[in-house]
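Student: test case, fold it:
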Amino acid sequence: MNSYDFRQSRLVIDDDGIAVFEHLRGEARNPFNMELRADYADMLRQVEADAPRALVITGSGGSFSGGGDVKVMHARLADGTQATGVRQRILDIHDWLQRLRDLQIPVIAAVDGPAWGGGFAVALCADFILATPRASFCMVFLRIGALPDMGSIHLLPRAVGLAKANELLMTGRKVTAQEAERLGFVHSLHAPERLREEAMALARRFLPAPKVALGLTKRLVNRAYELDAATLAELEACALVACLAEPDHAQALERFVAKQPMRFDWDRDAPPAG
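Tutor: Numbers count the residues shown, from 1 in each chain. Below is the predicted model:
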């Protein structure tokens, strides 16, 4: 097991290769301040170096992240520095946001309490969002006269459709966990005391998956809305060549011919209902 302490968060990678990145300022609702943003960049460098098989992102103290630190924004406004360096700060954020989305492993957000503003945006970068019934999601930016940032305008329409994204971005209203599940961007709801356990269990179900095929599938799906069919077909062809050269493919064919069970079978390995 490897553990890395950052400014306001911690990364732990267990012996199975499951990484957990936890926001540690629960007493302040884990604000998405400059320190936590820097932690994400550092965490991603470590994940890229250690190459775990899955990543779980979660919060502490009954909160995923309440969004930006409004008190810091107010202090910058008072001393005249609120607009200083904004463009570069946003570009720096998008550098690690894109790297987070491009990780060729399953990324699971385990959300308890508020995922507001930047917290909502980061959760949307995950492949799966698991939440508790007391979780909530809010594109809160317009409440403070700000533009939705951290990729919200790109991510939310892809998660809920253009009309619903317009509503949520333009009203800044709160979305309950139950509505989020109905809208489809929350995968499942779990009791607070079971949330991390369920997120880890979901991550472990991917351990027998073919790593290269899984990663390339994710990369292509993430680009499906931006690419025309012909370009996507070219990428599909090249990605398939890479997959078919992997030992996972040859081993799966051997198992099939020998009438042995596949290593990766989502339906077979599903936990018992209830």
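
Student: got a list of contacts for the host helix or strand of L130?
Tutor: Secondary structure from DSSP states H and E places L130 in strand 128-131. Residues from elsewhere that reach strand 128-131, judged by Cβ atoms under 8 Å, 6 or more residues apart in numbering: 106-112, 123, 177, 180-181, 185-190, 195, 198-199, 202. The way it works is simple: take the backbone N, C-alpha and C, and place the C-beta from them, glycine included.

Student: so among the residues you listed, which ones count as buried?
Tutor: Buried subset of the contacts of strand 128-131 (neighbour count, 16 or more other Cβ atoms under 10 Å): 106-112, 123, 177, 180-181, 185-187, 189-190, 195, 198-199, 202.

Student: now L168: closest residue in space, sequence neighbours ignored.
Tutor: Spatial nearest neighbour of L168, chain neighbours left out: M139 (5.2 Å); criterion: Cβ to Cβ, 6 or more residues apart in numbering.

Student: need the pLDDT of the one you found.
Tutor: On pLDDT, M139 comes in at 98.

Student: any idea where the helices of the stretch 51-200 of the chain begin and end?
Tutor: Remark: helices assigned in the stretch 51-200 of the chain by DSSP state H, counting those that start in this stretch are 70-79, 86-102, 118-125, 152-160, 162-171, 177-183, 195-204.

Student: so which elements touch the longest one?
Tutor: This points to helix 86-102. Counting contacts by 3 or more Cβ pairs under 8 Å, 6 or more residues apart in numbering; DSSP states H and E, helix 86-102 is packed against helix 34-50, helix 118-125, helix 211-222.

Student: mean neighbour count, the ones you listed: which tops it?
Tutor: helix 118-125 (a mean of 27; mean count of other Cβ atoms under 10 Å).

Student: which residues does it contact?
Tutor: Residues contacting helix 118-125 (Cβ under 8 Å, 6+ apart): 30, 32, 40, 57, 59, 64-68, 97, 100-101, 107, 109, 111, 115, 129, 137-139, 148-152, 155-156, 159, 185.

Student: go through those and flag which are in strands.
Tutor: Residues of the contacts of helix 118-125 located in strands (DSSP state E): I57, V107, A109, V111, A115, I129, F137, C138.
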